[in-house]
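Undergrad: give me coordinates for this.
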Amino acid sequence: MNRFRWGNAPASASAKPEAISAVITVAILFSIVTIKHFVSSRPGTSAGASVAPTVARGTTLKSCLPGVDWAKNGRTLVMALSAHCRYCKESAPFYRRINTEAGRSVKLLAVLPQSREESAKFLRDEGVRVDDIRQAEPIALGVPGTPTLLLVDGKGTVVQLWLGRLTRSKQDSVLSMLREAAPGRM
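TA: Numbers count the residues shown, from 1 in each chain. Next up, the predicted model:
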């Protein structure tokens, strides 16, 4: 026996228009929520945060990271990371290379949105050593997300930046720049 009737079936035998409208409404709402969650949960971004970078060469970070003694640090590599960022975790071997290959030619400052304790645990678990950890959202630095690296001079001015997960050749270029530029030249 066919339970579904098409064509001239009485209203009681087919789906009611109110039920169809309800199903469509629920499907639309579910789609909106799913899309909003996907867009706002990209690594290193906050819901509603702009993804356009506002930091550039020549930008000063003094007001973004108060209390950092840029003059004492000299050259500083600011590493905007997140403990929940897949690309940050995948980039950890490169950050360990910075530790070993760039030596003490640059100070390493990690900036993460998580608490200092959670950030320190993340870095420790990944084997990444830094000179200091600060808590701030990436957008507060003017970066669109994580990971982002900012090479900053002794005046707190960005002299170079790298966005996202870097290719091996970009990583080599960063390391070369960190090793070659003498601290007094910046």
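
Undergrad: domains of this protein: list them as residue ranges, please.
TA: 13-40, 70-185 (automatic domain parsing).

Undergrad: between these, which gets nearest to Arg57?
TA: domain 70-185 (5.7 Å; Cβ to Cβ). (C-beta placed from N, C-alpha, C; glycine too.)

Undergrad: so how far is that closest one from its chain's centroid?
TA: 12 Å (Cα atoms, centre = their mean, to the nearest Å).

Undergrad: quick one: average pLDDT of that domain?
TA: Across domain 70-185, pLDDT averages out at 92.

Undergrad: state the next helix or strand along the chain beyond the helix or strand encompassing Arg124.
TA: Using DSSP states H and E, Arg124 sits within helix 116-126. Later in the chain than helix 116-126, the nearest helix or strand by DSSP H and E is strand 132-135.

Undergrad: which ones are touching Thr54?
TA: By Cβ atoms under 8 Å, 6 or more residues apart in numbering, Thr54 lies in contact with Gly142.

Undergrad: so it sits in a helix?
TA: No - read with DSSP: H, G, I helix; E, B strand; the rest coil, Thr54 is coil and lies in no helix.

Undergrad: look up how far Leu65 lies from the residue positioned nearest the centre of the chain.
TA: By Cα atoms, centre = their mean, the chain has its centre lying nearest to Thr146, at 1.8 Å. Remark: distance between Thr146 and Leu65 (Cβ to Cβ, to the nearest Å) = 16 Å.

Undergrad: just the buried residues of the helix holding Arg124, please?
TA: By neighbour count with 16 or more other Cβ atoms under 10 Å, helix 116-126 contains the buried residues Ser119, Ala120, Phe122, Leu123, Glu126.

Undergrad: can you name every helix or strand that that helix contacts?
TA: Helices and strands touching helix 116-126, by 3 or more Cβ pairs under 8 Å, 6 or more residues apart in numbering; DSSP states H and E, are helix 92-101, strand 107-112, strand 132-135.
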